[in-house]
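Asks: coords please:
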Amino acid sequence: MNIEFTDAFKKKLQQVNRKNPQLKLSLKKQFNLFRINPFHPSLRLHKLKGMRSEQYAIWIKGDLRALSIKSTTNTDTYIFFDLVTHDEY
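Replies: You can find the predicted model right below:
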């Protein structure tokens, strides 16, 4: 599985890490796990509904989720574009 990150995601990642440095380990663990097996139960990968029906979310820690879309050119690639709380999506 290939993973790409948008510039907006990287910026949000820096903000989250500044506010809570302990999340860095959880983020690293979850993305490494995603690369190996995106359907691992602890990721809770799921497709969103409604206006976000082309997007996917994985669980990071607590109520933090990473949002992604599948690449249109390579279906084996997910592009992560935002980090949000469950209530924000």
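Asks: In stretch 47-63, which residues are buried?
Replies: Buried residues in stretch 47-63, counted by 16 or more other Cβ atoms under 10 Å: 55-60. To be clear about C-beta, it is placed using only N, CA and C from the backbone, and glycine gets the same treatment.
Asks: For the residue positioned nearest the centre of the chain, name its beta-bridge partners.
Replies: The chain has Ala66 as the residue nearest its centroid, 2.6 Å off, counting by Cα atoms, centre = their mean. Taking DSSP bridges, one finds Ile58, Leu83 as the beta-bridge partners of Ala66.
Asks: tell me the contacts of it?
Replies: Counting by Cβ atoms under 8 Å, 6 or more residues apart in numbering, Ala66 touches 9, 27, 30-31, 57-58, 60, 80, 82-83.
Asks: pLDDT added to these, as CSV?
Replies: Formatted as CSV, the contacts of Ala66 follow (pLDDT from 0 to 100):
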residue, pLDDT
Phe9, 97
Leu27, 94
Gln30, 96
Phe31, 96
Ala57, 96
Ile58, 97
Ile60, 95
Phe80, 97
Asp82, 96
Leu83, 94
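Asks: Out of those, flag the one nearest to Thr72.
Replies: For those, the closest approach to Thr72 (Cβ to Cβ) belongs to Phe80, at 15.3 Å.
Asks: what helices or strands is the helix or strand hosting Phe9 leaning on?
Replies: Assigned by DSSP states H and E, Phe9 belongs to helix 7-19. If contacts are counted by 3 or more Cβ pairs under 8 Å, 6 or more residues apart in numbering; DSSP states H and E, helix 7-19 sits against helix 23-36, strand 77-85.
Asks: State the distance from Asp63 to Asn32.
Replies: 21 Å (Cβ to Cβ, to the nearest Å).
Asks: All set, thanks.
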